[in-house]
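> no letters, just coordinates:
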């Protein structure tokens, strides 16, 4: 059947910029999915999505004018119900056929086939394929219904009576199959071939599209619009780099993918211009200036080759005047008050020390069941002192106490009040101004780290101590009052906090034990129940397991290591490497299976003490296993205690032969109680020796 290319466009008022990319992808993707489902498009059909501030569109290749007919075999009813003893159709069968548009003449053509245990009647027919108009109408309705609209608007059509709910008021619908208009409708609009270009720079207010394939080219030439989101984004990136290069000195724009997406969604005809502000503003911390330019004005600040902010910034304009001076001047005038505000906040904040702000935290509610920020700070201090002492010395504990006390003081500053994203960062600047030293300033700045997946960890030991204390206090407090994450809901970002703890303990190989950390934190909350510690440690190990699987370790490897609940998370990577090396040995499968068997025997038996009476060893195989264990286990244990986990497991691989011989020739559950307990003691000794690095039974198939 002949095919042609299809174009569908919805022309609307300015769409929400932060949602535009997803709206465009969803509109085009669902449209193609629905066309395929109805047989109008195939796997060979190519999709080009378009999304600009005022339009959502899709171009689909190889779309049929009508879907091919389909052969359908429909089950009617059991033979015993549809035919009487003489083989004639029953009233029930005739009624069913009538509902399908057939009559008694179809009875001889019905097929019989087994359906479960009974024979049934089937009616074969051919269903005519849908036309493009029918199929596109359904596909368009689905595309609109499934749009991830952040907030729906209700507006009236021109008749003044009909209400429409959509993300923004829609003004035109285009549906072209090759050169032909497809007669569909949506949102009170009839499809045509007319659209609009740029609001100010299009050559004419209305643009007529001759066919589906000319859409992007005509919008670009006649409408001054780059319709493709991806192409427009690439063009903005190209212009940003060119403008930065023209500034010289290794200048480059701040990298921010979210900002780039948002600006792409704000313009249809991007034009990057270079602006500047007074150098005196560079005395303000660059994070403040960068944030205000990005968040409030959607500008791209320029950094020099050393990563320091310059007094120039880039603006992505939506118009291309011959003389851009007015546009540049306007943007420079707009940004100046923003930067002046930042400078004012910075100057005012430095008039008070961080220490002087600490009492004010007692008036800030942290959580209605957990008290104020002041009370929270006292708990963080207590945890930080314990961690500091365990990590290094009394001096580190003392410094951690100071940093923890001041870590939240910047919450009461004007700058953080205006820009909450700068909490911690501003605390670092103000700590330096208060002459508290770089170590404490860095710790205050870093104590929120890691803020997100892939974020950098705190840079010094002091920062690690306070960051760990801060996250542990949050987790312990909220677990103590039962505020656990459920499903996708995690309003306090507890999963992120737990992952941050895991990363710090692992990647920095800190000499801290997880159970002790959890106990220290929970000890500060009288609301904690006896099972809260178990819940919290399980929660942290779950985050660790997920992280390890993301890093490429198999579920078996992760389970084998984490089954032992290792306390020093810095050891986990070495344990995993050891397990992976052990699993590659030829002895590994048999030993893993034997380990699993031993574990099952010990679970079912009366409590076995890991002790062996050599005089009760009767069989040669148990004597040989005991001798091998006495020789190999101490060596493996010494390697384990030295941190050579790989060597320890490889040493244990030599036990395969004696273990196999033991199970082949020895009855563990002997009649005599002393023999049975002795053999169970031998297995318990072996089990203990084999499972120091990981639970090897988890490697058994």
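Here it is on my side, so go on. Note that the structure is predicted; figures quoted are calculated from it, not measured. Numbers count the residues shown, from 1 in each chain.

> just confirm residue 503 is within a helix.
Yes - assignment of residue 503 by DSSP: H, G, I helix; E, B strand; the rest coil places it within a helix.

> any figure for the gap between it and residue 576?
Distance, residue 503 to residue 576, by CB to CB, to the nearest Å: 15 Å. All C-beta atoms are positioned from the backbone trio N, CA, C, and that covers glycine.

> for these two, indicate the residue with more neighbours.
Per other CB atoms under 10 Å, whichever of residue 503 and residue 576 has more neighbours is residue 576, with 23 against 20.

> measure the more buried one to residue 535 for me?
Taking CB to CB, one finds residue 576 at 25 Å from residue 535.

> where does the prediction get shaky in this structure?
For the chain, applying pLDDT under 70 flags the ranges 1, 126, 605-610, 701.

> could you redo the last one with a cut-off of 50?
Counting by pLDDT under 50, the chain shows no low-confidence range.

> leaving aside the residues adjacent along the chain, what's closest to the spatially most central residue of it?
The centroid of the chain falls nearest to residue 453 when counting by CA atoms, centre = their mean (8.5 Å). With sequence-adjacent residues excluded and distances taken as CB to CB, 6 or more residues apart in numbering, residue 453 is closest to residue 499, at 7.2 Å.

> what about that neighbour, which helix or strand?
helix 494-507 (DSSP states H and E).

> so what does the helix or strand following that helix touch, helix or strand wise?
Next helix or strand after helix 494-507 toward the C-terminus (DSSP H and E): helix 514-522. Using 3 or more CB pairs under 8 Å, 6 or more residues apart in numbering; DSSP states H and E as the contact test, the elements touching helix 514-522 are helix 373-391, helix 461-480, helix 532-550.

> of those helices, which stretch is the most buried?
Most buried of the helices and strands packed on helix 514-522 by mean neighbour count (mean count of other CB atoms under 10 Å) is helix 461-480; its value is a mean of 26.

> counting contacts, what elements does that one pack onto?
Against helix 461-480 (3+ CB pairs under 8 Å, 6+ apart) you get helix 373-391, helix 394-406, helix 438-446, helix 494-507, helix 514-522, helix 532-550.

> who's sitting farthest from the centroid in this protein?
The chain, CA atoms, centre = their mean, max distance from centroid: residue 86 (66.0 Å).

> surely it is in a helix?
No - with three-state DSSP as the criterion, residue 86 is coil rather than part of a helix.

> hang on, the earlier thing: among the helices and strands packed on helix 461-480, which is nearest residue 367?
helix 373-391 (8.2 Å; CB to CB).

> now the closest one and helix 438-446, what's the angle there?
If you take axes from the mean of the first three to the mean of the last three CA atoms, to 10 degrees, helix 373-391 sits at 120 degrees to helix 438-446.

> helices and strands around helix 373-391, which ones?
For helix 373-391, the packing partners by 3+ CB pairs under 8 Å, 6+ apart are strand 365-367, helix 394-406, helix 461-480, helix 514-522.

> give me the residues contacting it.
358-359, 361-366, 370, 396-401, 403-405, 407-408, 411, 461-462, 464-466, 468-470, 472-473, 477, 510-512, 516-517, 520-521, 524 (CB atoms under 8 Å, 6 or more residues apart in numbering).

> what does stretch 628-643 give?
Contacts of stretch 628-643 (CB under 8 Å, 6+ apart): 571, 574, 645, 647-649, 651-652, 654-655, 657-658, 682, 685-686, 689, 692-693.

> mark which of these are buried, thanks.
Listed as buried from these are 571, 574, 645, 647-649, 651-652, 655, 658, 682, 685-686, 689, 692-693; burial here means 16 or more other CB atoms under 10 Å.

> my guess is residue 346 meets residue 288, correct?
Yes - counting by CB atoms under 8 Å, residue 288 is a contact partner of residue 346 at 6.6 Å.

> all strands for the stretch 51-200 of the chain, in order.
For the stretch 51-200 of the chain, applying DSSP state E, counting those that start in this stretch gives strands covering 55-64, 70-78, 111-115, 118-127, 153-156, 163-166, 170-177, 180-181, 185-186, 189-192, 194-195.

> would you work out how far apart the start and end of stretch 611-623 are?
Terminal residues of stretch 611-623 lie 14 Å apart, using CA to CA, to the nearest Å.

> what residues does it touch?
Counting by CB under 8 Å, 6+ apart, 626, 658, 661-662, 664-666, 674-675, 678-679, 681-682, 685 sit against stretch 611-623.

> related to what we said a few turns ago, so can I have a markdown table of the helices and strands packed on helix 514-522 showing distance to residue 597?
Shown next, in a markdown table, are those (distance: least, CB to CB, whole Å):
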| stretch | distance to residue 597 |
| --- | --- |
| helix 373-391 | 40 |
| helix 461-480 | 38 |
| helix 532-550 | 25 |
